[in-house]
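Asks: mind looking at a prediction? Sequence and model below.
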Amino acid sequence: MISSVTASSGVASTSEISGQTSASNVSTGASFAQALAAADNSVSASAEKNSGQSANSVDGSSDQANSDSAAFEQIMAKASAQGGYNDPQAFLKTLSSSELEVLQHTHNLADPINPDGLSKEGALNLLYPLGQGKDIDHDGYVMVGLAKTWQFPPVDAPESVKQAWTKTTAGMSPNAVMALEMSFLPVYDPKTNGSTTNAYLGPDADYAALAKKALEGAQFSSKYDQAWQHETRAEEISGLESFIADLGNT
């Protein structure tokens, strides 16, 4: 499972958290346990909110999702036929308001899409399925519309790394995977007013070394954990150890 983190308030999804908030938490020493607890609270609140929905409303949402999925496939086919992947900004301007709305729903964007305000990367990734975007400017982030997203492993990581991550996280809860992913979150630099350093790793990055560095950091931080943090810190350390082992076996 590969999940993503978004640094834009323009995306609302239970599988995503604010990258800006997450980076700030990491920089101020927030633990794996706190990250996991926050994710658990978010999902619990979402579940409580949704528990009152009727069967009819659920069925209606399913029908809408199926309709959007079919419409999105048609938009991708049109983009392929009309050169939309070569000049995505121009292509988006040819779409109807209902087609732009399909792209908005497909990518869980909160705000309507305005093609004039998008970068080439942000426009291009609206034409790819969710989670399959491209990092064409090699900054380590993937723009989807106006949303700046980050994921681990990166989109251009070797297939062996992605396979190792999938093996490591198999059977873990989505919240645990997301929290483990934060072990690799780009470092927040307070001197840059909320920006992060370039997060691009490149296809030749030493992922085993990155994982070992994250493991060393987790082991060091565990010395200062409170009692309530021990269980989730142990889960983080175990996950990193497994990832290192899985990297060696792929």
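Replies: Right, received. Where do you want to start?

Asks: show me the shaky parts of this structure.
Replies: 1-63, 187-197 (pLDDT under 70).

Asks: next, count neighbours for residue 126.
Replies: Counted with other Cβ atoms under 10 Å, the neighbours of residue 126 add up to 29. The way it works is simple: take the backbone N, C-alpha and C, and place the C-beta from them, glycine included.

Asks: for residue 175, same thing?
Replies: 20.

Asks: could we number from 47 for the rest of this?
Replies: Sure, I'll start numbering at 47, so the last one becomes residue 221.

Asks: starting at the chain centroid, how far to the helix or strand containing it?
Replies: Following DSSP states H and E, one finds residue 221 within helix 220-227. How far helix 220-227 lies from its chain's middle: 11 Å, per Cα atoms, centre = their mean, to the nearest Å.

Asks: and for residue 286, nearest residue in space, chain neighbours not counted?
Replies: Excluding the flanking residues, the one nearest residue 286 by Cβ to Cβ, 6 or more residues apart in numbering is residue 261, at 4.2 Å.

Asks: that's a strand at the one you found, yeah?
Replies: No: looking at residue 261 with DSSP: H, G, I helix; E, B strand; the rest coil, it is helix, so not inside a strand.

Asks: and the gap between it and residue 159?
Replies: 41 Å (Cβ to Cβ, to the nearest Å).

Asks: which one of those two has more residues nearby?
Replies: residue 159 (23 against 18).

Asks: that one in helix, strand or coil?
Replies: coil.

Asks: check contacts around the residue lying closest to it once chain neighbours are set aside.
Replies: Distances taken as Cβ to Cβ, 6+ apart place residue 146 nearest to residue 159, at 4.6 Å, with adjacent residues excluded. The contact partners of residue 146, by Cβ atoms under 8 Å, 6 or more residues apart in numbering, come to 138, 158, 159, 161.

Asks: how about residue 163?
Replies: So residue 163 contacts residue 192 (Cβ under 8 Å, 6+ apart).

Asks: residue boundaries of the strands in this protein?
Replies: Using DSSP state E, the strands of the chain run over 49-52, 188-190, 193-198.

Asks: coming back round to it: so the residue nearest to residue 286 makes contact with residue 284?
Replies: No: look at residue 261 against residue 284 with Cβ atoms under 8 Å: they stay out of range, at 10.0 Å.

Asks: how about the helices in the chain?
Replies: Shown for the chain, the helices assigned by DSSP state H span residues 65-73, 78-96, 101-127, 134-139, 143-152, 166-170, 205-215, 220-227, 253-268, 276-294.
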